[in-house]
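In: Need a 3D model of the following:
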Amino acid sequence: MRNAVPVLALILLGACADESGLPSLPNDRAVARFMPGGVVNAIEVQAIDRLPLRRAELIAPDGQATAASYLDVNRAPTATYYQRFPNGPDAGNALAARNVAPGAPKPADIGGAPQGSVQLLAIVSNATIPLPDEIAYRRDWRSYRIVLGFGDRQQDVERRVLPAPEPPPKG
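Out: Sure, this is the predicted structure:
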């Protein structure tokens with residue numbers, strides 16, 4: 001009977017839950033910023049999109065464009081993770097064995113540790129745009145903008161304009 005109460009509570013919560021399921025993840029997102037603790041004379045652009053980032057430019061108020069000095073595209077990045085058992089004297093407890101002898105292979109080394117893999121079904125792009133004139137940018141950063149071009153190598157399929165990020169405080 002004690003086990004039935006939590007099960008009934010879960011069924012009741014499930015019945016009252018919203019039918020729409022988990023909230024969807026934001027798609028096609030791009031952010032321009034100065035990296036905290038990073039280089040202060042370069043803007044970092046990070047984009048997650050269905051298309052690869054092919055062009056990133058900083059446009060000054062007078063129309064002068066500064067192209068990205070670095071552009072990296074990673075299609076559907078993956079991450080593999082696994083759980084290792086602790087190295088304590090009772091490391092074998094996970095397999096119902098106590099006090100495993102020193103030097104014996106650990107369960108994770110044998111291949112018994114749980115592991116998984118995750119893949120993002122989008123394209124992650126990074127770009128670095130150097131500031132042509134740091135002093136002018138600090139003085140008038142609200143008038144700058146960043147133009148991003150997504151698509152194939154020959155032409156932009158999609159174009160987006162981002163506001164320029166606020167410069168980091170002088171330190």
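
In: ok, now which ones touch L120?
Out: If you count contacts by C-beta atoms under 8 Å, 6 or more residues apart in numbering, L120 has them with I48, A76, P77, T78. (C-beta placed from N, C-alpha, C; glycine too.)

In: please redo it, this time with the cut-off set to 6 Å
Out: Each residue near L120 by C-beta atoms under 6 Å, 6 or more residues apart in numbering is listed here: P77.

In: what's it sitting at in phi/psi?
Out: Backbone geometry at L120, expressed as degrees, to the nearest 10, gives phi -90, psi 120.

In: Which strand or helix spans the residue nearest to A67 when sequence neighbours are not counted?
Out: Of all residues not flanking A67 in the chain, E57 sits nearest, at 5.3 Å (C-beta to C-beta, 6 or more residues apart in numbering). Assigned by DSSP states H and E, E57 belongs to strand 53-59.

In: Not counting that strand itself, show me its contacts.
Out: Under C-beta under 6 Å, 6+ apart, the answer for strand 53-59 is 45, 47, 65-68, 125, 127, 129, 145-151.

In: Neighbour-wise, which one of those residues leads?
Out: A127 (26 neighbours; other C-beta atoms under 10 Å).

In: Please report the number of neighbouring residues for the residue nearest to Q119 when sequence neighbours are not counted.
Out: Leaving aside its chain neighbours, Q119 sits nearest to T78 (4.5 Å; criterion: C-beta to C-beta, 6+ apart). By other C-beta under 10 Å, 9 other residues sit near T78.

In: Now do the same contact list for V73.
Out: Contacts of V73 (C-beta under 6 Å, 6+ apart): P52, S125.

In: quick one: it from P52, how far?
Out: Applying C-beta to C-beta, to the nearest Å, the value for V73 to P52 is 4 Å.

In: Overlap of the contact sets of the two?
Out: Common neighbours of V73 and P52 (C-beta under 6 Å, 6+ apart) do not exist.

In: my hunch is that Y137 is in a strand, does that hold up?
Out: No: Y137: not assigned to a strand; according to DSSP: H, G, I helix; E, B strand; the rest coil it is helix.

In: Give me the distance between it and A76.
Out: Applying C-beta to C-beta to Y137 and A76 gives a distance of 35 Å.

In: same check, this time on L120
Out: 6 Å.

In: mind listing the helices for this protein?
Out: Taking DSSP state H, the helices of the chain run over residues 4-16, 107-110, 134-140.

In: And the average pLDDT for the second one is what?
Out: By that I understand helix 107-110. Averaged across helix 107-110, pLDDT comes to 52.
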